[in-house]
Structure formats: C-alpha cells, structure tokens
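Colleague: Give me the fold of what follows.
(one chain, ligands or ions: 1)
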Amino acid sequence: MSFTPAPWPRRLRSQEWYEGTTKDNIYYRSWMKNQGLPADLFDGRPVIGICNTWSQLTPCNAHLRDLAERVKHGIYEAGGLPLEFPVFSTGESSLRPTAMMYRNLAAMDVEEALRGNPLDGVVLLAGCDKTTPALLMGAASVDIPAIVVSGGPMLNGWFRGERVGSGTALWQMSEAVKAGTMTNADFLEAEQAMSRSPGSCNTMGTASTMASMAEALGMALSGNAAIPAVDSRRRVMAHLTGRRIVQMVKDDLKPSDILTKTAFENAIRVNGAIGGSTNAVIHLLAIAGRVGVDLTLDDWDRCGRDIPTVVNLMPSGKYLMEEFFYAGGLPVVIRALAEAGKIDGGALTVSGGPIAAEVAEVRNWNEDVIRPFDKALTPQGGIAVLRGNLAPDGAVLKPSAASPHLMVHRGRAVVFEDIDDYKARINDEALDIDETCVMVLKNCGPRGYPGMAEVGNMGLPPKVLRKGITDMVRISDARMSGTAYGTVVLHTSPEAARGGPLAVVQTGDMIELDVPNRRLHLDITEAELARRLADWRSTVVRPSGGWAQLYHDHVDGADTGADMDFLKGCRGRAVARHSH
Ligand code: FES
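Modeller: Residues are numbered from 1 along each chain as shown. I've put the predicted structure just below:
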C-alpha cells in the first residue's frame, strides 16, 4: 500500500492556536511560556503530545516518565515541541471492579485531550493491558498522526530454578495450593520472585499481546513489543519514536492511513502465531470500530485458522518475553509470516513504508523460542469463534491454551449464576461436580459484571484438582486474563445480562463443545429454550449514577468490541469553537 506524504512546509493545526498577534494568540502562548519555553518553539514546528499513562497505581506503567523524557529528546532533536500530558491509567492488577470497565473512559479522555489541545501528533505511552487499546481507540477517533511506545515487559521471574511467568504462575500455584501439592508458605515466597523489575507482565498476556498488536497493525516502530522495560534499548526505542513522530506530522501520516482492514487481518494472524490473548479480540474490534473498518468476529476465525502458534511463550508454551526479545522478537514472526504469504507484507506502518521492508533483515536467534512453522506448538493457533444455540452472536476459545482431549466434549452443566455464587460454592466438597462436567458462569459480561471481568478461567473444584486433573470445560460471558490457560469458552454473546441463551442454562443440562466444527450447543429443544427465555428476568442491578451507569446503559456486546455506542467512529481533529 503506497502512501503519498503531504507537502511540507505547510500550516499545522497547532498554528490555529499559536500563530498570530491577536489577544487569543498571546493568551495561548503566554501561559505556555510559564514553563520556560522559548518564543521560537511556537514558530510553526510540529507540536507533539506525549500521552502518558504513567501512574503508581498502574505498576506496569510506573517507569513511563523516564521513557517520556527519552521521547522528548527525540522530538526536540527532530525539530518538534514535545508536551507531555497524563490520561486516565487503567491498572489491571488493582482497579476494581475491573480495568476493562474503564478502557472506554480512558479512550474518551485521550480523544478529548488530543482534540481540545494544540497538538499536531501524539506519542502514545502505554503498557498495562487496557492502556494500549484505550490510547489507540482515542487517537483513532481524532486521527492525528500517532505512534505507540510500549513500556516493555518485566524481566523473567525465577523461583527455585523455574521461570515464574506473570499471572500464569499465580494461577498455577493457586491451584497447586488447593490441590495440596504446594504449601502456602512456598506460595508467599514465590510472590517475591514474580515481579522483579519495572514493566508489564512477562508472559504473552494481554499487555505483551497488545504491544505486539500495535506493532503488527503498523502503529509502532518495528521491534517495539518485546524489548524489556529495563533494557537500554527500550530507551532507544522511545528516543527513535520521538524522532519519527515529527516526520509523521510533516507527512501527515495518520492512523486512518495505517489502520486498514489489511492491517487488522495481519494483526489477527500475528496474534495466532504468538499465541496471543483472547482479549485482543475485543480490543481490535473496538479499535476497528473507531476507524470505520468493518471487522467482525468471523474475521478472527477466518484469518486465524491456518496460523500455527510458533512463539513458545507462557501461557501457551515455556519461555517469557525476555527470551522472545533475545530470539529476535516480533519482527522475526512477522518476517516468517510475510515470507510464507500468511500476512500482507505491503501493509503500511508508521515508518511510511511496507511492514515487510521493516523486517527483511531480521534473523531468528533461538528456534526453540520462535519455532519454525514445521515445529509449531499448535498447528492451528488462531482464536476459534464458536456459534450455536448457546452463543448465537459468537463465543471465543484459544486452542493453543486449551487441552486437546477436551476440544470435543459433551458434559453436564454445573451453573453458577454469578461470580459470587461461584466463589460461595466452588470449594464445597458437597458440590455435585466431576471433571466431565461443564462449568457455566453467568452475568460476567460487559453489562453484567459490569466491565466484563477476567474470571472465565474459573479455578477448578478442589476435589477435582486433588485427582490431578488440571483442566475442565468452562463457559462464560466473561473474559480471561491473557496469562491464563485452559479449555475456556469466553465472551459468550449475547451475554446473560442481556438475555442471551447463557442466562437460561440450568444445572443438569447437557452441553456440547465441538471446537473443530466451531459449535457450542445447549442440548434442549427449541421450544424449551424459547420457553425459558420468555420467562427470563434480569437479576443485574443497574448502577446508580456516575461512569458505571453510563457504561451499563451504553456499552456494546463483546462480539463487537464492548465499546460505548456513542464513542464508535472517528470524529476527527477539528474544534469548531474556542472560549476566549
Ligand atoms: Fe499490568 Fe499484566 S497486570 S501488564
């Protein structure tokens, strides 16, 4: 895809504020000068926002101020004026009820900050899971030149000679404690080894997945995704990105030039190859909605079907992001996919050129970390999109994180009406459940929770774990952490809180999962299903006031990205009025 740069020099958007001698121009410039900015910085050079999700409440992004300084060096060096600003930061580990409830709020914050201020371009500083899609969504709705710098992953965790993968180890160890194969004291000791440097989760969880998606979409410089947070090359990446955004502004290379349907198809295929998080499904659908690209759940299944998972990282595999970087990182994967004809190497990136050109010289330095296609972890690594009378609008499952023996399974449903019901009963030895059953969890979708919690990978009952069983079929309208694993059907749509068929599943019903045929079936008659749905009444209480109420009333289903109905689309960069 070719791109024709805009003519340069030309009048930039920021000059609507800063160029001239009127009272308003003086107002705009004078107050900025209280920061010690020389007059000639307002001479028509590109004004670049550094949109920072730094926050001590988002520990994965707590090092981003240092990176912002590196970005500034690059911007100044290239002749731009950098202006750093904060936006709402969604910290996955602490934010309740779930960081996902605030992704759209953060995106709205970004969008309004970009449009309302004298900015010609923006560097998006992201890291923890939701921060990357939120920033991309906001920037896409304004469509000024934008580029992502990720904070980078934490260094490997190590405990007693074993890798400790963020999140993945937490789920494994918690199950081991329940099964009686690990003591709580050891679990507490392992805690000290889990997070040993700044950065985001070191597994191929949602943060690493979304950093990879930003790169695969063409919205970050090549190589951005995998550099560890504390590696000096992460600072170099930030510096180079600062330089690059200035030229992007001069060229007027916008998100809408890069975020084409082809770019999304490429990203979906890359997600299959890296064994990426199921959360990427929702986030890419939402980003596509902001630029008006018609991306659907079926595109996920279609594009991902023949993509082998070649990146041997937890939760699907063995290694962690640090090793992925040393092996060559995402550029190696992109090159392999492009040369195999599995992605379109002509897709445009922030470089101004095709994605294949960016990776033409890279080499794979460790073929156990990044496998050749003929030694893939899973031959079909994409996201499976399931449909049937239990999920008329679709549900997703990640085959690379699932158990092969459960991919075709028929079992008796054990239903939990919501997450509190699950927590109250799952450890009850009297619960009538065994490993052949199908665990069903309701009311954890976007509207039901609210915010769509990462609880779909429900922990197994202790009495099943004690038998050495580590996986069962689980079905819900929730999400699961990108660091989690198991034969877990997620995002079942319509969600229970909207009266989807999931709402009327009863304990004792038989459920059929058939991943090869993409089928999810509740084995009751059509008439019985219709009768139950007619009798159904929502038990979800509408939040009273604030963002939670707005979210409840306007959030879309997971099958279309769980964006707010009023935030979809691109509203552009123009501001009609100003106040003085
Ligand atoms: Fe922030 Fe995993 S909790 S990246």
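
Colleague: Which residue, other than its chain neighbours, is closest to A376?
Modeller: Excluding its sequence neighbours, the residue lying closest to A376 (Cβ to Cβ, 6 or more residues apart in numbering) is P308, at 3.3 Å. The C-beta positions use only the backbone N, C-alpha and C, and glycine is treated the same way.

Colleague: Surely that neighbour touches G275?
Modeller: No: applying Cβ atoms under 8 Å, one finds P308 not in contact with G275, separated by 9.8 Å.

Colleague: More neighbours: these two, which one.
Modeller: The neighbour comparison of P308 against G275 (other Cβ atoms under 10 Å) goes to G275, with 30 against 24.

Colleague: Next, the contact list for the more buried one, please.
Modeller: 204, 309, 311, 313, 315-317, 377-378, 381, 398, 400-401 (Cβ atoms under 8 Å, 6 or more residues apart in numbering).

Colleague: Can you tell me which of these is nearest the ligand?
Modeller: Set against the ligand, the nearest of the contacts of G275 by Cβ to the nearest ligand atom is M204 (11.1 Å).

Colleague: what's around that closest one, how many residues?
Modeller: When counting by other Cβ under 10 Å, one arrives at 34 neighbours for M204.

Colleague: Could you give the backbone dihedrals for the spatially closest residue to it that is not a sequence neighbour?
Modeller: Take M204 and drop its neighbours on the chain: the residue closest to it by Cβ to Cβ, 6+ apart is L313, 4.1 Å away. Backbone torsions of L313, given as degrees, to the nearest 10, read phi -120, psi 150.

Colleague: so what's L313 scoring on pLDDT?
Modeller: Looking at L313, its pLDDT is 96.

Colleague: and it, how many neighbours?
Modeller: A total of 27 residues lie near L313 under the criterion other Cβ under 10 Å.

Colleague: one step back: for P308 and G275, list the residues in contact with both.
Modeller: With Cβ under 8 Å, 6+ apart as the test, P308 and G275 both reach 377-378, 381.

Colleague: Can you tell me which of those residues has the most neighbours?
Modeller: G381 (27 neighbours).

Colleague: ok, the residue lying closest to that residue once chain neighbours are set aside - contacts?
Modeller: The shortest distance from G381 to any non-neighbouring residue, by Cβ to Cβ, 6+ apart, is to T309 (3.0 Å). Going by Cβ under 8 Å, 6+ apart, T309 touches 272-275, 316-317, 376-378, 381, 400.

Colleague: And the pLDDT for T309?
Modeller: So T309 comes in at 95 (pLDDT).

Colleague: For the remainder of this discussion, apply numbering that starts at 14.
Modeller: Sounds good: first residue 14 from here, last item T322.

Colleague: Count the residues that sit near the residue in the stretch 264-413 of the chain that the ligand sits nearest to.
Modeller: Proximity of the stretch 264-413 of the chain to the ligand (Cβ to the nearest ligand atom) peaks at S290, 10.1 Å away. Neighbours of S290 under the rule other Cβ under 10 Å: 33.

Colleague: what do you get for W184?
Modeller: There are 19 residues near W184, going by other Cβ under 10 Å.

Colleague: Can you mark which positions in the strand or helix carrying it are buried?
Modeller: Take DSSP states H and E as the rule and W184 turns out to sit in helix 181-192. Buried residues in helix 181-192, counted by 16 or more other Cβ atoms under 10 Å: 181-186, 188-192.

Colleague: Repeat that for stretch 191-203.
Modeller: Using 16+ other Cβ under 10 Å as the test for burial, stretch 191-203 gives 191-192, 195, 203.

Colleague: hang on, the earlier thing: I'd say the residue of the stretch 264-413 of the chain closest to the ligand and A224 touch.
Modeller: No: here S290 lies out of contact with A224, judged by Cβ under 8 Å, at a distance of 11.0 Å.

Colleague: Sort out for me which of the contacts of G288 are in strands.
Modeller: Of the positions in the contacts of G288, not one sits in strands, assigned by DSSP state E.

Colleague: got the residue ranges for the strands in this protein?
Modeller: Taking DSSP E, the strands of the chain run over residues 60-65, 94-99, 134-139, 159-163, 170-172, 175-177, 397-401, 404-410, 421-429, 451-454, 486-489, 501-502, 523-527, 532-535.

Colleague: can you redo these as TSV with distance to the ligand, mean pLDDT and mean neighbour count?
Modeller: Formatted as TSV, the strands of the chain follow (distance: least, Cβ to the nearest ligand atom, whole Å; pLDDT from 0 to 100; neighbours: other Cβ atoms under 10 Å):
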stretch	distance to the ligand	mean pLDDT	mean neighbour count
strand 60-65	16	98	26
strand 94-99	17	98	19
strand 134-139	10	98	30
strand 159-163	10	98	29
strand 170-172	12	95	18
strand 175-177	13	95	18
strand 397-401	24	97	21
strand 404-410	20	98	23
strand 421-429	25	98	18
strand 451-454	22	98	26
strand 486-489	20	98	28
strand 501-502	18	98	28
strand 523-527	28	98	19
strand 532-535	28	98	20
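
Colleague: So for A280, which of those strands sits nearest?
Modeller: Nearest to A280 among the strands of the chain is strand 159-163; the distance by Cβ to Cβ comes to 12.7 Å.

Colleague: Counting by contacts, list what the closest one packs against.
Modeller: Judged by 3 or more Cβ pairs under 8 Å, 6 or more residues apart in numbering; DSSP states H and E, strand 159-163 is in contact with strand 134-139, helix 144-155, helix 219-230, helix 245-264.

Colleague: Let me have those in a markdown table, adding distance to V428 as columns.
Modeller: Formatted as a markdown table, the helices and strands packed on strand 159-163 follow (distance: least, Cβ to Cβ, whole Å):
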| stretch | distance to V428 |
| --- | --- |
| strand 134-139 | 38 |
| helix 144-155 | 31 |
| helix 219-230 | 27 |
| helix 245-264 | 46 |
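
Colleague: related to what we said a few turns ago, tell me the one among the buried residues of stretch 191-203 nearest to W44.
Modeller: A203 (51.3 Å).

Colleague: Is A91 in contact with L253, as I believe?
Modeller: No: counting by Cβ under 8 Å, A91 sits too far from L253 to count as a contact (10.0 Å).

Colleague: how close does E29 get to V60?
Modeller: Look at E29 and V60: by Cβ to Cβ, to the nearest Å, they are 11 Å apart.

Colleague: Quickly list what's touching both of these two.
Modeller: Residues touching both E29 and V60 (Cβ under 8 Å, 6+ apart): P131.

Colleague: rewinding a little: which residues touch the residue nearest to M217?
Modeller: For L326, the contact set (Cβ under 8 Å, 6+ apart) comprises 216-217, 221, 287-288, 332-334, 336-337, 382.

Colleague: which of those count as buried?
Modeller: Buried members of these, scored by 16+ other Cβ under 10 Å, are 216-217, 221, 287-288, 332-334, 336-337, 382.
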